[in-house]
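S.K.: Below is the sequence, then the predicted model.
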Amino acid sequence: QVQLVESGGGLVQPGGSLRLSCAASGSIFRTNSMGWYRQAPGKQRELVATISAEDTTNYTDSVKGRFTISRDNAKNTVSLQMNSLKPEDTGVYYCKAQIMGARFSWKDYWGQGTQVTVSS
């Protein structure tokens, strides 16, 4: 069984910073793409940033230059450094990872989500 656990959310003022972390645990043989998604109240879940196994990154336009995604393959973790936060960044942030588990098949796993609130 594979689990993703996020941490690092919270309340921050506009212009502030937060760092989200996500750790994958369980029977993991390989990890491919990892990423962060968010869902604001009343809106659909959207992609924030992804990082491939080769460290190729992709960002949604609204966070380019402010957010940085990184990963540690040895620890099966992915992080999201968020700077210059804006109220529109508020939402529940979810970690996602494509993992080959004990049955040697690829599957997408999601974390439980962590709340990020940007407000003065």
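M.R.: Nice, I can see it.

S.K.: residue ranges with poor pLDDT in this protein?
M.R.: Across the chain, nothing is flagged by pLDDT under 70.

S.K.: For it, identify the residue most remote from the centre.
M.R.: What lies farthest from the middle of the chain is residue 103; by CA atoms, centre = their mean that is 24.9 Å.

S.K.: SS state for that one?
M.R.: Under DSSP: H, G, I helix; E, B strand; the rest coil, the three-state class of residue 103 is coil.

S.K.: list the contacts for it?
M.R.: By CB atoms under 8 Å, 6 or more residues apart in numbering, residue 103 lies in contact with nothing. In this view, the C-beta of every residue, glycine as well, is placed from N, C-alpha and C.

S.K.: One more: residue 108?
M.R.: Residue 108 touches 96-99, counting by CB under 8 Å, 6+ apart.

S.K.: where's it relative to residue 35, distance?
M.R.: For residue 108, the distance to residue 35 (CB to CB, to the nearest Å) stands at 10 Å.

S.K.: list residues touching both of these two?
M.R.: Any residue near both residue 108 and residue 35 by CB under 8 Å, 6+ apart counts here, and that gives 96-97.

S.K.: Verify the stated contact: residue 88 with residue 63.
M.R.: No: at 10.1 Å, residue 88 does not count as touching residue 63 under the criterion of CB atoms under 8 Å.
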